[in-house]
Every structure is written in structure tokens, then in C-alpha cells.
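**Q** predicted model and sequence follow; I will ask about them next.
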Amino acid sequence: MTVLPTSLGRIAVVLNLLTYVLIRWPHGNRWKTVTVADDRQGRLEFALLVGATLGTTMIPLTWVVLAFPSFANYPLHPIVFGAGVVFAVLGNWVFYRTHADLGLNWSVTLQLRDGHELVTNGIYRRIRHPMYLAMFLQGIGQALFLPNWIAGPAWLMSFGLLYLLRVGKEERMMQDQFGDEYTAYMKQSGRLLPPLKKPDDQ
């Protein structure tokens with residue numbers, strides 16, 4: 001079976017992270033100019049953000065630059081690599097759409113900004129957390145195109161933990177802010193994927 005050079009995995013990691021940064025950078029700069037109205041960060045949230053940064057960025061880049069941990073490397077096969085690229089491209093497209101649809105109505109942590117609006121159009125019409133979906137897709141991509149048993153799944157594992165421990169708190173914060181409007185939105189949307197039934201289905 002054909003085996004691809006590990007350098008292709010390194011290129012894919014760098015391009016995936018670079019695309020992520022280029023998408024988020026302009027939105028992040030605008031977001032910082034808006035005053036925080038509700039801040040629910042805590043020690044756990046801070047620890048989760050640090051862990052996610054390690055898994056999504058630091059561990060993969062350490063593998064790219066230092067080839068560490070090399071003992072966990074495995075052969076990179078074309079089909080697996082290609083599937084990883086497809087997942088990453090799809091994830092970055094969803095990531096772009098979420099930022100475009102949200103505008104200033106987002107935060108990297110559990111915060112609401114002054115004038116925060118509930119966005120239910122665009123990609124948010126049927127999915128409440130498409131940004132998390134994007135991150136999972138990127139994480140699956142990295143697990144496939146980075147041929148290392150530790151660095152490869154690091155994104156998926158670290159972000160998965162953040163999602164599990166944060167998403168419930170985030171939805172409670174949104175319900176506190178938007179009340180019945182958010183409750184109704186929850187009934188017509190899914191967390192990561194559109195619900196099987198449309199809102200007008202009986």
C-alpha cells in the first residue's frame with residue numbers, strides 16, 4: 001500500500017491552523033472593542049481554554065517543528081490523508097460561516113457583550129452551535145492527516161472535553177439572557193446537527 005511522506009501531514013497541520021487564524025483574526029479584533037455585559041468565566045473555563053489551546057495548537061505544532069513525540073508516529077496513507085483534508089476544509093468553511101453570520105455576537109469564552117443579539121439565521125437557523133461543529137470537523141481532520149497517535153487526536157480530545165463541560169452552561173446563559181425566545185429556538189434547532197424533524201412537522 002502506498003505511504004505518503006510525513007511532510008504532507010505537517011503541511012496540512014500548518015495550513016489548517018493558518019486558515020483558522022485568518023478566519024478568526026478580523027472578527028476577534030472587532031469583538032475586543034465591545035464591552036462585556038455578562039461574564040461567567042471561572043477557573044474551570046480557564047483550564048478548559050488552556051487545555052484546548054494545547055490540543056488544537058501547541059501539541060500539533062510541536063510535532064510539526066520538533067517531530068515529537070516521534071515514537072507515536074504511524075504511516076500516512078492517501079485515503080486517510082485525503083479524508084482528513086476534506087473534513088478540515090469543511091470545518092473551516094463552517095467556521096467561516098459562523099463568524100460571518102454572528103458578527104459581534106460571539107465570544108471565545110462564556111461572555112455576552114453589550115447589545116448581544118440572538119442569531120437564528122443563516123447557518124444558525126437549524127444548528128445552535130455550528131462553531132463547535134466546525135471545531136469538531138477540524139479536529140477529525142487533524143486526527144486523520146496528522147499521523148501520530150498522540151498529536152493527531154489531541155485537537156479532538158481537548159476540544160471535546162471543553163464542549164462537554166461548557167455547552168450546558170452556555171445554553172443556560174443564553175436562556176437567562178433571551179428567555180422564552182431561546183427556549184423556542186432550542187425546540188427548532190439541534191446543538192451540532194439539524195434536528196430530524198422540521199419545526200412544522202407534526
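**A** Now that the structure is in, tell me what you want to look at.

**Q** lowest-confidence helix or strand of the chain?
**A** strand 36-39 (a mean of 83; mean pLDDT, DSSP states H and E).

**Q** who does it pair up with?
**A** Strand 36-39 has the following sheet partners, assigned by DSSP bridges: strand 111-113 (antiparallel).

**Q** beyond the strand it pairs with, next helix or strand please.
**A** helix 130-145 (DSSP states H and E).

**Q** after that following helix, which helix or strand is next?
**A** Once the chain leaves helix 130-145, the next helix or strand it forms, by DSSP H and E, is helix 154-178.

**Q** looking at that next one now, give me its mean pLDDT.
**A** Helix 154-178 shows an average pLDDT of 96 in the prediction.

**Q** what is that helix packed up against?
**A** If you count contacts as 3 or more Cβ pairs under 8 Å, 6 or more residues apart in numbering; DSSP states H and E, helix 154-178 packs onto strand 36-39, helix 43-53, helix 59-66, helix 130-145, helix 180-187. For every residue, glycine as well, the C-beta is placed using N, CA and C.

**Q** what comes into contact with it?
**A** Helix 154-178 is contacted from outside by 38, 40, 44-45, 48-49, 51-52, 54-56, 59-60, 110, 112, 116, 118, 128-129, 132, 135-136, 138-140, 142-143, 182-183, 185-186, 191, using Cβ atoms under 8 Å, 6 or more residues apart in numbering.

**Q** out of those, which are buried?
**A** Buried members of the contacts of helix 154-178, scored by 16 or more other Cβ atoms under 10 Å, are 45, 48-49, 51-52, 55-56, 59-60, 110, 112, 116, 128-129, 132, 135-136, 138-140, 142-143, 182, 185.

**Q** can you tell me the closest non-neighbouring residue to the residue nearest the centre of the chain?
**A** The chain has M135 as the residue nearest its centroid, 2.2 Å off, counting by Cα atoms, centre = their mean. Nearest residue to M135 in three dimensions, chain neighbours excluded: F159, at 5.2 Å (Cβ to Cβ, 6 or more residues apart in numbering).

**Q** tell me, how many residues neighbour the one you found?
**A** F159 has 20 neighbours, counted by other Cβ atoms under 10 Å.

**Q** which ones are touching the residue lying closest to T57 once chain neighbours are set aside?
**A** Nearest non-adjacent residue to T57, counting by Cβ to Cβ, 6+ apart: L17, 6.4 Å away. Neighbour list for L17: 56-57, 60-61 [criterion: Cβ under 8 Å, 6+ apart].

**Q** would you list those in CSV and tack on distance to V85 and pLDDT?
**A** CSV is the format used below for these (distance: Cβ to Cβ, whole Å; pLDDT from 0 to 100):
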residue, distance to V85, pLDDT
T56, 17, 96
T57, 19, 97
P60, 15, 98
L61, 18, 98
